[in-house]
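Trainee: whatever this is, show me its structure:
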Amino acid sequence: LGLRLVPPLLLTGLLAGFALAPGLSFALLCLLAVALLWLFLTLKLLAAAVTLAMPRRDPTRLRPDTRRAQRPKVSVMVPLYREREIAGALIRRLARLTYPKSLLDLVLVLEEGDHVTREAIRGARLPPWIRVVEVPAHGRLTTKPRAMNYALDFCRGEIIGVWDAEDAPAPDQIERVVAHFATAPSDVACLQGVLDFYNPRTNWLARCFTAEYAALFRMILPGLARMRLVVPLGGTTVFVRRDRLEELGGWDAHNVTEDADLGVRLCRAGYRTEVIDTVTCEEANCRPLPWIKQRSRWLKGYLITYLVHMRNPLRLLRELGGRGFLSFQAFFLGTLSQFLLAPVLWSFWLVMLGLPHPAEALLPAPAIAALAVFFVAAELATMAIALIAVRRAGKAYLIPFIPSLIFYFPLGALAAYKALLELALAPFYWDKTRHGQAAAETDI
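Mentor: A predicted model of the protein is given here:
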């Protein structure tokens, strides 16, 4: 009930403010938007600088003298829901894995009433190291984390991983995960792999999506992990020590970004996440409406994650420490505000075009000019991070498209308002992303 009240309370407060003092309200929104943008940009630049300062080493591999008997059993869950197109391709991709199949436990997680995926799986021949676990129906709650919590009891491995339906993991990914865990300190409970796309050339939207992910997974998250701050996990290529995962009670079944929530809970419990240099390619969302649906689910989940963990701010501060608490605020508030307050930030383009700004009656002209310059500088800094990231990813052909990101991120504003509406009306609704829409796997 508390989550549902947030959007109407925000809307009521906003309307009341503009009704009583429209100019002052807009000026305050401008200052708030810029302050949160500054906080978020500072975190991103700091994380990117730390990443660039890190030595680029060869990915960790098993030692030559490591015996098969010393290798742990690894379970990887692949939640599936209404995946008519992807089932056969998924099994072909998983068959490329080089980890000993006797120690590999692949669990396809299906919903009880998902006849579409069941028929698709039935048409594919499953090897003995791939099993199917059906999740019984339970009311209206049909979320990925609920399905994974149920399937966890059926997993046999010491390490639990998650892949998505459209994923194409590197063939030696499990070896690298096992080796990293074997040499990592005991407080490293989770490993996050790098996500990339196999269809970045499909269209402009796919190119921008690829550049955005490159910046996040190759520049921002490694820096956050190196600084031992909260790492908002991606929903796939996540590997967790089973005992640590069970200690935390698994995933939050009601959170539509259970991955980001788990990253926060791991950090609160005193555990660390590291980003490992192994790549999983997946399908870039390359159509506007599905992109907005997917992004709205992420933003709704970020809202839920933020509100849940901020129920007791003092406890959160105590568990994360000062730096961790500040980075938590910067990441989640910064991510949400850059979309929710996007129209306010866009108003500074008026200044750059020599047009009057709506807040000029209340803010001095030099202050508005300074805010506008900072806004443009923030846009350039975001592009610079993306440019470096795509070069590090070996996708320099995306560099000419980096300036067009200023037209890409406005889609996120539409997704943010959809997320607010859903938070009030259907907070636990999982707006599914259809997979298998890319024409070809061009970059595997």
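Trainee: for residue 238, give its distance to residue 161.
Mentor: Taking C-beta to C-beta, to the nearest Å as the measure, residue 238 falls 7 Å from residue 161. No exception for glycine: its C-beta is placed from N, CA and C like everyone else's.
Trainee: so between those two, which is more surrounded?
Mentor: residue 161 (25 against 21; other C-beta atoms under 10 Å).
Trainee: helices or strands up against the helix or strand where that one lies?
Mentor: Residue 161 belongs to strand 159-162 when elements are defined using DSSP states H and E. Applying 3 or more C-beta pairs under 8 Å, 6 or more residues apart in numbering; DSSP states H and E, we find strand 159-162 packed against strand 74-80, helix 173-183, strand 238-241, helix 242-247.
Trainee: need phi/psi at the residue nearest to residue 111 when sequence neighbours are not counted.
Mentor: Using C-beta to C-beta, 6 or more residues apart in numbering and skipping residues adjacent in sequence, the residue nearest residue 111 is residue 135, 5.4 Å away. For residue 135, the backbone dihedrals are phi -90, psi 120 (criterion: degrees, to the nearest 10).
Trainee: on that earlier part again, the strand holding residue 161 - what's its average pLDDT?
Mentor: Averaged across strand 159-162, pLDDT comes to 98.
Trainee: rewinding a little: and the residue nearest to residue 111, how far is that from residue 253?
Mentor: From residue 135 to residue 253 the distance is 11 Å (C-beta to C-beta).
Trainee: about what we covered before: for the strand holding residue 161, which strands pair with it and how are they oriented?
Mentor: strand 74-80 (parallel), strand 238-241 (antiparallel) (DSSP bridges).
Trainee: CA-only coordinates of the shortest one in PDB, if you can.
Mentor: Output of strand 238-241 as PDB, limited to C-alpha atoms (Å, rounded to 0.1, in the frame of the first residue of the first chain):
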ATOM      1  CA  VAL A 238      25.200 -13.100 -12.200                       C
ATOM      2  CA  PHE A 239      26.900 -15.800 -10.100                       C
ATOM      3  CA  VAL A 240      26.500 -16.000  -6.300                       C
ATOM      4  CA  ARG A 241      27.900 -18.400  -3.700                       C
END
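Trainee: chain center to that strand: distance?
Mentor: 15 Å (C-alpha atoms, centre = their mean, to the nearest Å).
Trainee: contacts for that strand, please.
Mentor: Residues outside strand 238-241 that contact it (C-beta atoms under 8 Å, 6 or more residues apart in numbering): 74, 158-162, 177, 181, 189-193, 259, 262, 266.
Trainee: show me the shaky parts of the stretch 201-350 of the chain.
Mentor: For the stretch 201-350 of the chain, applying pLDDT under 70 flags no range at all.
Trainee: now the strands for it?
Mentor: For the stretch 201-350 of the chain, the strands defined by DSSP state E, counting those that start in this stretch occupy 238-241, 272-282.
Trainee: show me the shaky parts of the stretch 1-150 of the chain.
Mentor: 1-2, 56-69, 85-86.
Trainee: so which residues of it form strands?
Mentor: Going by DSSP E, counting those that start in this stretch, the stretch 1-150 of the chain shows strands at 74-80, 104-111, 130-135.
Trainee: for stretch 283-296, list every residue counted as buried.
Mentor: Judged by neighbour count using 16 or more other C-beta atoms under 10 Å, the buried positions of stretch 283-296 are 283, 284, 285, 286, 290, 291, 292, 293, 294, 295, 296.
Trainee: same thing with stretch 171-179?
Mentor: 172, 173, 174, 175, 176, 177, 178, 179.
Trainee: run through who's touching that stretch.
Mentor: With C-beta under 8 Å, 6+ apart, stretch 171-179 has contacts from 59-63, 71-72, 74, 76, 96-99, 104, 159, 161, 170, 191, 193, 237, 239, 276-278, 280.
Trainee: residue contacts, the residue most central in space within the chain?
Mentor: By C-alpha atoms, centre = their mean, the mean C-alpha position of the chain lies nearest to residue 234, the distance being 3.9 Å. Residue 234 sits next to 192, 195, 217, 259 when contact means C-beta under 8 Å, 6+ apart.
Trainee: give me the number of residues near the first one?
Mentor: Just to be clear, that refers to residue 192. Residue 192, neighbours per other C-beta under 10 Å, totals 25.
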